[in-house]
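Undergrad: Need a 3D model of the following:
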Amino acid sequence: MLKKLLPILFLVAASVGVKAAKVDTVLTHSDIMHKDIKAVVITPQTYKKKTPYPVLYLMHGFSGNYADWVSKVPSIKQLADVYNMIIVCPDGGFSSWYMDSPVNKDWMYDTYISSELVKYIDGHYATIKDRAGRAITGLSMGGHGALYLAITHQDVYGAAGSMSGGVDLKPFAKDFGISNILGKYEDNPDSWAKHSIVGMIDQLKPDVLKLTIDCGASDFFMNANNQLHDLLLKAKIGHDFTVRPGGHSWEYWGNSVQYQALFFSRFFNKLN
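TA: Predicted structure coming up:
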């Protein structure tokens, strides 16, 4: 049904002469990291300063940057128009995993995104300044980051998602620069467990965060995502969980984001 619905929505938008959404690259400042950081902000063609809009924060993966989504999946501009939302693509650094590092104060991307960037966006754009108007998702490292930030800041975000998320850090102790953020696994395995999404389920309560999680069947993060799904079921935490053909690729994420945007639009409009 969804595969039929999404093309129809885009066709309707095109048929009524919808103009392209506006894409801005903004320069924000992080006090906690003492540096300027860029972000992409996409506003729908209907954007008016006196009308508050919901905001979807869309995060890149390991080794990526703020421009990845808009350059690799330009159709996200259409999603802003179709669902009448602002889309913000933050820069999470090369390998921050969107956490405040307990071992290196140069990596404080939890505070930057959930506090400093949210305040910047709310201060410079017409937004719904409430968790009911904020959602967050991302791919790979960004999938971990989106769930991590949403669970840690349930007062900030009302819905969260993950696409091919690295939701269990422990099996990748020597990969993806995670040890630069958390220190060596063998020095503090408890910290690695507590910073992994699969180790944070006890912080969730039923019906507080709306969650959507998906992963490609041939993705190397598939086992961890299956584990997360099972843990959420055991804890009776409602969530959407989808497995589709595909691997760890932009082809997969470009398709996945279409469905996640619909999920978040339904959340913003109180339909799920």
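
Undergrad: quick one, what contacts the residue nearest to Gly158 when sequence neighbours are not counted?
TA: In space, not counting the residues next to it along the chain, Gly158 is nearest to Arg131; the distance is 4.0 Å by CB to CB, 6 or more residues apart in numbering. For every residue, glycine as well, the C-beta is placed using N, CA and C. For Arg131, the contact set (CB atoms under 8 Å, 6 or more residues apart in numbering) comprises Gln154, Asp155, Val156, Tyr157, Gly158.

Undergrad: Look at the nearest residue to His153 once chain neighbours are set aside and tell me its secondary structure.
TA: Nearest non-adjacent residue to His153, counting by CB to CB, 6+ apart: Ser114, 4.6 Å away. The three-state assignment at Ser114 reads helix, by DSSP: H, G, I helix; E, B strand; the rest coil.

Undergrad: Okay, Ser114 and Leu79: tell me how far apart.
TA: Distance of Ser114 to Leu79, given as CB to CB, to the nearest Å: 22 Å.

Undergrad: Who has more neighbours out of those two?
TA: Taking neighbours as other CB atoms under 10 Å, Ser114 and Leu79 compare with Leu79 leading, 27 against 23.

Undergrad: Which helix or which strand is home to the residue nearest to that one when sequence neighbours are not counted?
TA: Closest residue to Leu79 apart from its sequence neighbours, by CB to CB, 6+ apart: Ala261 at 4.5 Å. Using DSSP states H and E, Ala261 sits within helix 250-268.

Undergrad: Would you mind listing the outside residues contacting that helix?
TA: 2, 5-6, 54, 56, 58, 69, 72-73, 75-76, 79, 82-83, 85, 128, 132-133, 135, 137, 139, 158-159, 161, 163-164, 210, 212, 214, 216, 219, 240, 242, 244, 246, 272.

Undergrad: Apply 7 Å and report the result again.
TA: Helix 250-268 is contacted from outside by 2, 6, 54, 56, 72-73, 76, 79, 83, 85, 133, 135, 137, 139, 158-159, 161, 163-164, 210, 212, 214, 216, 240, 246, 272, using CB atoms under 7 Å, 6 or more residues apart in numbering.

Undergrad: Which residue ranges of the protein form strands?
TA: 22-30, 35-43, 55-59, 86-89, 134-138, 159-163, 210-216, 240-244 (DSSP state E).

Undergrad: Which one of these lies nearest to Asn180?
TA: strand 35-43 (16.9 Å; CB to CB).

Undergrad: helices and strands around that closest one, which ones?
TA: strand 22-30, helix 76-82, strand 86-89 (3 or more CB pairs under 7 Å, 6 or more residues apart in numbering; DSSP states H and E).

Undergrad: give me every residue that touches the residue nearest to His153.
TA: Leu149, His153, Val156.

Undergrad: what's the distance between the spatially closest residue to the first one that is not a sequence neighbour and Lys234?
TA: What it means is Leu149. Leaving aside its chain neighbours, Leu149 sits nearest to Ser114 (5.2 Å; criterion: CB to CB, 6+ apart). Applying CB to CB, the value for Ser114 to Lys234 is 27 Å.

Undergrad: returning to that earlier point: per-residue confidence for the residue nearest to Leu79?
TA: Ala261 is assigned 98 on the pLDDT scale.

Undergrad: can you check Ala20 too?
TA: At Ala20, pLDDT is 79.

Undergrad: do the same with the one 5 residues further on
TA: Reading off the confidence values, Thr25 has pLDDT 98.

Undergrad: Over to Pro7?
TA: Among the per-residue scores, Pro7 holds a pLDDT of 47.

Undergrad: Equivalent analysis for His34, please.
TA: You'll see His34 listed with a pLDDT of 97.

Undergrad: and the nearest residue to Tyr66 once chain neighbours are set aside, how many residues sit next to it?
TA: Leaving aside its sequence neighbours, Tyr66 sits nearest to Asp91 (CB to CB, 6+ apart; 3.8 Å). By other CB under 10 Å, the residues close to Asp91 number 22.

Undergrad: Now do Ala67 against His60, distance only.
TA: From Ala67 across to His60, the span is 8 Å (CB to CB).
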